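> next input, structure requested:
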Amino acid sequence: MKKAYKQLSGQSSPHPAFKWIWKSSCQNKHKVFFWLLLKDRISTRELLQRKNMALQDYSCVLCTNGLSESSIHLFIQCPFAIQCWGWLNIQIDTSLDPFQALQSFRDQLNVPFFMEIIILMCWTIWKSRNDLIFRQINPCLNKAKADFREEFDLLLLRSKKSYSPAINQWITILS
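Residues are numbered from 1 along each chain as shown. Have a look, this model is predicted:
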């Protein structure tokens, strides 16, 4: 009956990324943030424009390209985001959709705690954007690195103990 309902209602099975989110060791605020990001529901300037909110400018505040601040641009295509991902040794193909990019990141990281890394880097990019808008703190890769490391250190306290050796090795390589 359940299978028939799904077929008739047009529901398809969700992308595995949604399971990866909830199985991660991240704080709930990070998980909800990333879930909203994958659903294209975080308050980017493009989303605010779609909701008819009047802003002076709808372009990305982190770059000077004059492109609309969509979630795809902000986290995948923006030069600041590309710098952040590059620090993690992740190469970005800007032609990929978000789920393809997520799979690419997973393959490149090749560690069991890949989702924690991805979620926390997206959180770091989001915080950098918000710091610029609300506190007039210019985005800087060194500050983003420090913010990421701080969040990742807190994550170590919650992560699975079996991940500890791999996490410590990954952090050593990252430094």
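> the longest helix along the chain: what's the following helix or strand?
Longest helix of the chain, by residue count under DSSP state H: helix 114-135. Sequence-wise, the next helix or strand downstream of helix 114-135 (DSSP states H and E) is helix 141-158.
> hmm, who's touching that next one?
Contacts with helix 141-158, where a contact means Cβ atoms under 8 Å, 6 or more residues apart in numbering, come from 25-27, 30, 80, 83-84, 87, 116-117, 120-121, 123-125, 127-128, 137, 164, 167, 171. Backbone N, C-alpha and C define where each C-beta goes, glycine included.
> what about 10 Å?
Contacts with helix 141-158, where a contact means Cβ atoms under 10 Å, 6 or more residues apart in numbering, come from 24-27, 30, 80-81, 83-84, 86-88, 113, 116-117, 119-121, 123-125, 127-128, 131, 137, 140, 159, 163-164, 167-168, 170-171, 174-175.
> which ChimeraX command selects the buried ones in these?
Per 16 or more other Cβ atoms under 10 Å, the buried members of those correspond to this ChimeraX selection:
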select :24,25,26,27,30,80,81,84,88,113,116,117,119,120,121,123,124,125,127,128,131,159,163,167,170
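> so which bits of stretch 101-117 are buried?
Residues A101, L102, F105, R106, L109, F113, F114, M115, E116, I117 are the ones in stretch 101-117 that count as buried (16+ other Cβ under 10 Å).
> again with stretch 59-68
Buried, per 16+ other Cβ under 10 Å, within stretch 59-68: S59, C60, V61, L62, C63, S68.
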